[in-house]
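When you get a sec, could you give me coordinates for this:
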Amino acid sequence: QVQLQESGPGLVKPSQTLSLTCTVSGGSITSSNHYWSWIRQPPGKGLEWIGAIHYSGSTVYSPSLKSRTSISRDTSKNQFTLQLSSVTPEDTAVYHCARDSGSDFPFADFGSWGQGTQVLVSS
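Coordinates of the predicted model:
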C-alpha cells in the first residue's frame, strides 16, 4: 500500500517561496499510470487542487495558481516537490500530497493521501 508523507517549513514569510516535499513509500512515482498531486485546504474553506506530476514526468497546474507553481520530482529519492512563489497570507493552508485513485478524474479522485502539513504565511 502506497504511503505519502509531506515535509517542509511550517512558517513562510510573505513574498517568499513555499517549498514542500512529498516522500512516497510502498510504490514508485515513476511506475504505473498515476498522477501525484498537491492539494491544499485554507482554514475554513474547502479543498483546492494545486497541480500534479504524472509518472512520465509531465506536469499539470491549476490555472489560478499556474503562474506561481512548480512541481518537480527526484526519482532517486521517490519524492516530488511543490514550490509556490510570491506567497501571501492567503496561501496559509494545510497542504496535502496525494495519488489519484485510477479513475477518470485524476485531479479530483484521490486514493492515497498524506496526512497534511500546516503552512502559515506570516511576517
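
Relative to Pro9, how far out is Pro106?
Distance of Pro106 to Pro9, computed by Cβ to Cβ, to the nearest Å: 28 Å. Quick note: C-beta positions are derived from backbone N, CA and C, even for glycine.

cool, Ala52 as well?
Using Cβ to Cβ, Ala52 is found at 22 Å from Pro9.

Compare neighbour counts for those two and give me the winner.
Neighbour count, other Cβ atoms under 10 Å: between Ala52 and Pro9, Ala52 has more, with 24 against 12.

packing partners for the helix or strand where that one lies?
Assigned by DSSP states H and E, Ala52 belongs to strand 48-54. With contacts taken as 3 or more Cβ pairs under 8 Å, 6 or more residues apart in numbering; DSSP states H and E, strand 48-54 sits against strand 35-41, strand 59-61, strand 69-74, strand 79-84, strand 93-100.

Tell me the strands beside the third one, with direction?
Sheet pairing of strand 69-74 (DSSP bridges) gives strand 79-84 (antiparallel).
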